[in-house]
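Asker: please work out how this folds:
(2 chains)
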Amino acid sequence: MTNNENPSNPRSLIPDTVRADTAPHHTAEQNIIDGRKATAERARARKENPFANDVGPKAAGAKALDIGALRAEVKDARGADGKYDEAKVKAASGASVFHVKGRLMRNAPTGGLTFLKVRDRTGELQLLASEASMGAEYTRLEDLDVGDIVEAEGTLVVSKRGELSVEPTRVRLLTKAFRPLPEKWHGLSDVETRYRQRYVDLIANPAAAEVFRARSHIVRAMRTVFDEAGFLEVETPTMHTLIGGAVAKPFNTHHNALDMNLFMRIAPELFLKRLVVGGFERVYEIGRCYRNEGLSTRHNPEFTMLEFYQAYATYEDLMNFTEVLLRRIDGELARVMPETHAKWKTERPFTIDVPFMRVPMADAVRAGAHKTGIPAWIEASDRKSDRKGENESGMGLVAFLKPDFVDHMKEWSKTSPRAKAVDWGNFRKGFLKCENDGERLFCCYEYLCEPFLPEDYKDAQSGKSIPIFIKDYPYETSPLARRNDARPELVDRFELFVHGKELCNAFSELNDPDDQAARFRDQVDKKQKGAEETMDYDEDYIRALEYGMPPAAGFGMGIDRLTMFLTSSQSIRDVILFPLLRPEHG
RNA sequence: GGGCUGAUAGCUCAGUCGGUAGAGCUGCGGACUUUUAAUCCGUAGGUCGCGGGUUCAAGUCCCGCUCGGCCCA
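Answerer: Model prediction:
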């Protein structure tokens, strides 16, 4: 806790609802809060602490267990239908007294018998309380509200419906919850409140909490895979003096003591490759990156990226490895949370169970051109390009479009439903802005292929889309990637698209310092011509390459997006605990 | 930044042509010894996001603003 809160902040740090003494609000919520505070005061009057710390069983020999561990003790008493057999429970647990603690999720009296439900991090357990088991303390249950943190101890019994329950001799308030939880049936669905008050979301929506558990498992499984393969996990700076490693706008910050402007990193790439120079032949980093861009269902300004670099590997090796990695992670998810995973898996519009597609970008563009049914495009994309040494498929279309694109747009767009579905306005805008044929090919890919990937590459059996590696990018779009030995106009690079959305970006690394220096100079030229998103010239990185970086391949993947895919989440905000939002009070 | 769309009780939502603000859950009081969205009876709970305008009359129509959501850049 810091004590240097800015006194100039015009907004009070204390919300109205907890200033009830000075500014009472006669709202329904405030009435509930007042009532719960009064309950806490009554407990204090009885010398009981409504924020107790002395947790633990009172009975000698009682077992203090997590709910999951408690269930494991009597797992053999559970039938195939999920119901417990009372005799078997008694046989397994005998007269043992169990102690559990957690959040009270239900408090339902039916006269002399009260059903309560306690939830801890491992599960939920019913308490079956009666006057017979609790004596005079039974009436005290009235003071417990849903949301309170409680402890209870007693023997195991089975309810008439076959539910494993603790018959408590004691149920005690540990922490009073002043605020009511959202409604039990619909939960909390207001997305704004879910993001702003994630703590409530996590309590009220178990499905939301499951996504974040999955995220943790995903990252751990990933580390296991890399550690087993002999990779070293490292941490490199997140505050950079130069912009590098990706094409994006950075956040600016400032170091006071050195009076130095800094950029929050947009990618760790150039530092990790320095480590490859240093002899760490296999390194990876999982860390936060920052990009000063708009927000969307797929973009948060800060996000988590995995990057790894492997000496003596090529981008072909990494394609194989990517498939292994994703299946290993998904398999681990299936192992640790089988039921939730099965639900997510059926919801997925894609499958990772079949081999991924591998398509050179130029071939994808040629196929995309054919799909539009525009005769001139088909003819052009089948034609050999006049550019020497050029690949012969997609480049034909680029050569054809370059001189007169705009004039024919209306006519082309009417050729077929597929042609009509093309975003012609932005395609034109993007194409005309391109400075070279490489960028033009990439632009054709973006508008003619990428939006249609899910429908064009499908698994016949399941009807689900197949992840696809688009490979062999034009060198102009990839300033850090190695040129293809046979076709220097291309780089040995791929991106993995899952259901049409980019997940990974990888390439064989450019380790020729002179070529890298030339690419940096191109970037600087672009900036001088007004381009906003360019890399800086990194002299030290060139110097590092001059010491010799072994041939290597590198890989980047958004952890947030991976989590979205695997947990069937529709928005990146559903996989980031505290996504960036505007301040609540304007 | 642009288009569309939303904000009504603590939560989930209705609210028709502009005419007294509604329900369920929650809360509070009561009944109930096998519930699990418990049930039954009673009862309380509102700055209709904020500001302006039109009107005899605005949750409703108009304008602006704030904060979201979806799509696009």
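
Asker: CA atoms for contacts and neighbours, from now on please.
Answerer: OK.

Asker: flag every buried residue along stretch A:86-96.
Answerer: For stretch A:86-96, a neighbour-count test (16 or more other Cα atoms under 10 Å) marks A:86, A:88, A:89, A:90, A:92, A:93 as buried.

Asker: packing partners of the helix or strand that contains residue A:342?
Answerer: In the assignment (DSSP states H and E), residue A:342 maps to helix A:338-347. Contacts defined by 3 or more Cα pairs under 8 Å, 6 or more residues apart in numbering; DSSP states H and E place helix A:338-347 against helix A:315-336, helix A:559-567.

Asker: nearest to residue A:355, of those helices?
Answerer: For these, proximity to residue A:355 was assessed by Cα to Cα; helix A:315-336 is nearest, at 7.8 Å.

Asker: right, and residue A:442 touches residue A:475 too?
Answerer: No: using Cα atoms under 8 Å, residue A:442 makes no contact with residue A:475, being 10.3 Å away.

Asker: anything in contact with each of those two?
Answerer: By Cα atoms under 8 Å, 6 or more residues apart in numbering, residue A:442 and residue A:475 have no common neighbours.

Asker: per-residue pLDDT of the residue in the stretch 401-550 of chain A that RNA strand B sits nearest to, please?
Answerer: Relative to RNA strand B, the nearest point of the stretch 401-550 of chain A is residue A:426 (5.3 Å; Cα to the nearest atom of the strand). Predicted confidence (pLDDT) for residue A:426: 87.

Asker: deepest in the core, which of the helices and strands packed on helix A:338-347 is it.
Answerer: With neighbours taken as mean count of other Cα atoms under 10 Å, the helices and strands packed on helix A:338-347 reach their highest mean count in helix A:559-567, at a mean of 23.

Asker: please state the offset of that helix from the chain centre?
Answerer: 5 Å (Cα atoms, centre = their mean, to the nearest Å).

Asker: dump it to PDB, restricted to CA.
Answerer: C-alpha atoms of helix A:559-567 as PDB (Å, rounded to 0.1, in the frame of the first residue of the first chain):
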ATOM      1  CA  ILE A 559      -0.700 -15.400 -25.400                       C
ATOM      2  CA  ASP A 560      -3.900 -13.500 -25.100                       C
ATOM      3  CA  ARG A 561      -5.100 -14.500 -28.600                       C
ATOM      4  CA  LEU A 562      -4.000 -18.100 -28.000                       C
ATOM      5  CA  THR A 563      -6.100 -18.100 -24.800                       C
ATOM      6  CA  MET A 564      -9.000 -16.700 -26.800                       C
ATOM      7  CA  PHE A 565      -8.800 -19.500 -29.300                       C
ATOM      8  CA  LEU A 566      -8.400 -22.300 -26.900                       C
ATOM      9  CA  THR A 567     -11.200 -21.100 -24.500                       C
END
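
Asker: quick check: pLDDT value at the closest residue to RNA strand B within the stretch 451-586 of chain A.
Answerer: Closest contact between the stretch 451-586 of chain A and RNA strand B, by Cα to the nearest atom of the strand, is at residue A:582 (3.0 Å). Residue A:582 carries a pLDDT value of 90.

Asker: go on, residue A:21?
Answerer: For residue A:21, pLDDT reads 33.

Asker: quick one on the thing from earlier: CSV for the helices and strands packed on helix A:338-347, including distance to RNA strand B?
Answerer: Output for these, formatted as CSV (distance: least, Cα to the nearest atom of the strand, whole Å):
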stretch, distance to RNA strand B
helix A:315-336, 24
helix A:559-567, 12
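
Asker: okay, the ones you listed in JSON lines with mean pLDDT next?
Answerer: What follows is the helices and strands packed on helix A:338-347, written out as JSON lines (pLDDT from 0 to 100):
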{"stretch": "helix A:315-336", "mean pLDDT": "98"}
{"stretch": "helix A:559-567", "mean pLDDT": "96"}
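
Asker: take the buried residues of stretch A:86-96 and keep only those in helices.
Answerer: A:86, A:88, A:89, A:90, A:92, A:93 (DSSP state H).

Asker: from these, which is closest to RNA strand B?
Answerer: Scanning those for proximity to RNA strand B, where the rule is Cα to the nearest atom of the strand, the winner is residue A:86, at 10.9 Å.

Asker: so who does the closest one touch?
Answerer: Applying Cα under 8 Å, 6+ apart, one finds that residue A:86 lies in contact with A:77, A:157, A:158, A:162.

Asker: ok, the third one - contacts?
Answerer: Applying Cα under 8 Å, 6+ apart, one finds that residue A:158 lies in contact with A:84, A:85, A:86, A:89, A:164, A:165.

Asker: mind redoing it with 10 Å?
Answerer: For residue A:158, the contact set (Cα atoms under 10 Å, 6 or more residues apart in numbering) comprises A:83-90, A:126, A:128, A:164-167.

Asker: any stretches of chain A with poor pLDDT?
Answerer: Confidence mapping of chain A against pLDDT under 70 gives the ranges A:1-26, A:384-393, A:585-586.

Asker: quick revisit: can you list the buried residues of stretch A:86-96 in TSV and add distance to residue A:240?
Answerer: Putting the buried residues of stretch A:86-96 into TSV (distance: Cα to Cα, whole Å) gives the following:
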residue	distance to residue A:240
A:86	64
A:88	63
A:89	61
A:90	64
A:92	61
A:93	60
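
Asker: of the residues you listed, closest to residue A:209?
Answerer: Using Cα to Cα, these come closest to residue A:209 at residue A:89, 30.4 Å.

Asker: adding distance to RNA strand B, write the buried residues of stretch A:86-96 out as TSV.
Answerer: Converted to TSV, the buried residues of stretch A:86-96 look like this (distance: Cα to the nearest atom of the strand, whole Å):
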residue	distance to RNA strand B
A:86	11
A:88	16
A:89	14
A:90	14
A:92	19
A:93	18
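
Asker: okay, now the domains of chain A?
Answerer: Following automatic domain parsing, one gets these domains for chain A: A:49-175, A:188-348+A:551-586, A:355-498.

Asker: now distance to residue A:506 too, for these, in TSV please.
Answerer: Below are those laid out as TSV (distance: least, Cα to Cα, whole Å):
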stretch	distance to residue A:506
domain A:49-175	38
domain A:188-348+A:551-586	4
domain A:355-498	5
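
Asker: to residue A:35, which of these lies closest?
Answerer: domain A:49-175 (10.1 Å).

Asker: start and end of the closest one, how far apart?
Answerer: Start to finish, the residues bounding domain A:49-175 are 8 Å apart (Cα to Cα, to the nearest Å).

Asker: run the chain-centre distance for that domain.
Answerer: 35 Å.

Asker: stretch A:478-485 now?
Answerer: For stretch A:478-485, the distance to the chain centre is 29 Å (Cα atoms, centre = their mean).

Asker: what's the answer for stretch A:421-433, then?
Answerer: Offset of stretch A:421-433 from its chain centre (Cα atoms, centre = their mean): 31 Å.

Asker: what are the contacting residues of that stretch?
Answerer: The contact list for stretch A:421-433 (Cα under 10 Å, 6+ apart) reads A:372, A:398, A:401-402, A:405-406, A:409-410, A:412-414, A:437, A:439-444, A:446-449, A:451-452.

Asker: ok, stretch A:109-116 next?
Answerer: A:104-108, A:125-133, A:138-139, A:141-142, A:144, A:146, A:159, A:165-167, A:171.

Asker: tell me the buried residues in that stretch?
Answerer: Residues of stretch A:109-116 classed as buried by neighbour count (16+ other Cα under 10 Å): A:114, A:115, A:116.

Asker: try stretch A:280-295
Answerer: Neighbour-count burial for stretch A:280-295 [16+ other Cα under 10 Å]: A:280, A:281, A:282, A:283, A:284, A:285, A:286, A:287, A:288, A:289, A:290, A:291.
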